[in-house]
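K.L.:
compute the structure for the input listed below.
(chains A and B)
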Amino acid sequence: DTEVTQTPKHLVMGMTNKKSLKCEQHMGHRAMYWYKQKAKKPPELMFVYSYEKLSINESVPSRFSPECPNSSLLNLHLHALQPEDSALYLCASSQVRGLGYEQYFGPGTRLTVT
Amino acid sequence: KQEVTQIPAALSVPEGENLVLNCSFTDSAIYNLQWFRQDPGKGLTSLLLIQSSQREQTSGRLNASLDKSSGRSTLYIAASQPGDSATYLCAVSTEGETSGSRLTFGEGTQLTVNP
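P.N.:
Modelled structure (predicted):
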């Protein structure tokens, strides 16, 4: 099973709301990733978790708060977002060995901030 | 800083044609290169992964090559079909990390295969 699942598929939230995106994988991968993708642009890395610990934060604003409760789950908590944060948020996972195992992506959550 | 360029940005071909998508990167110190396909509004589907020690990988009608020293990769699609229409993204995994991998993506090639 090479599936990464993400919920919800679509999310509309106001700038004062608090919401969470969820990602799950059951491939035994110990690295999980959050990416942000704007229309007609490639994905941009936001966060990397390795063995449930945050290993990379690409200087993402604090209104995005990642969490990795266990080796299969990855959350992204959202608070006080701006309209420019509207995008497709993608989760991915891979094995960990120094660098460079294949990354598997989920279908994404389409986020609209009003 | 690693930069990845994909040429062409868009390509339209008739069904049945063989085609080549190009990817170049500025820093040859990569661990691997991955080709993805993305349908509109969807996630990324991994097509092929080439480790830095490899020269090529094949999967069905797809063949990807890697010339690490010159910073180039090509994705060859044989006998194209309308179902191949999508955006194709090239991404390189760079050195220097101790956990997970940092992918740098190109801007993609938008492919349309006409029946």
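
K.L.:
any idea how far B:G60 lies from B:Q38?
P.N.:
With distances taken as CB to CB, to the nearest Å, B:G60 is found 18 Å from B:Q38. Placement of C-beta: from N, CA and C, glycine included.

K.L.:
more neighbours: the two, which one.
P.N.:
B:Q38 (22 against 8; other CB atoms under 10 Å in any protein chain shown).

K.L.:
touching, the more buried one and B:T45? I think so.
P.N.:
Yes - the pair B:Q38 and B:T45 passes the contact test of CB atoms under 8 Å, sitting 7.2 Å apart.

K.L.:
which stretches in chain A count as strands?
P.N.:
Under the criterion DSSP state E, chain A carries strands at the ranges A:4-7, A:10-13, A:18-25, A:31-37, A:44-50, A:53-57, A:64-70, A:73-79, A:87-94, A:104-105, A:109-113.

K.L.:
quick one: contacts of the third one?
P.N.:
This means strand A:18-25. A:3-8, A:11, A:13, A:32, A:34, A:72-79, A:89, A:91, A:93, A:104, A:106, A:109, A:111 (CB atoms under 8 Å, 6 or more residues apart in numbering or on different chains).

K.L.:
pull the distance from that strand to the chain's centre.
P.N.:
The chain centre lies 8 Å from the centre of strand A:18-25; the measure is CA atoms, centre = their mean, to the nearest Å.

K.L.:
list the neighbouring strands of it plus their orientation.
P.N.:
Sheet partners assigned to strand A:18-25 using DSSP bridges are listed as strand A:4-7 (antiparallel), strand A:73-79 (antiparallel).

K.L.:
filter the contacts of strand A:18-25 down to the buried ones, ChimeraX style.
P.N.:
Of the contacts of strand A:18-25, the buried ones go into a single ChimeraX selection, burial set by 16 or more other CB atoms under 10 Å in any protein chain shown:
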select /A:4,6,11,13,32,34,72,74,75,76,78,89,91,93,104,106,109,111
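
K.L.:
appreciated, that's everything.
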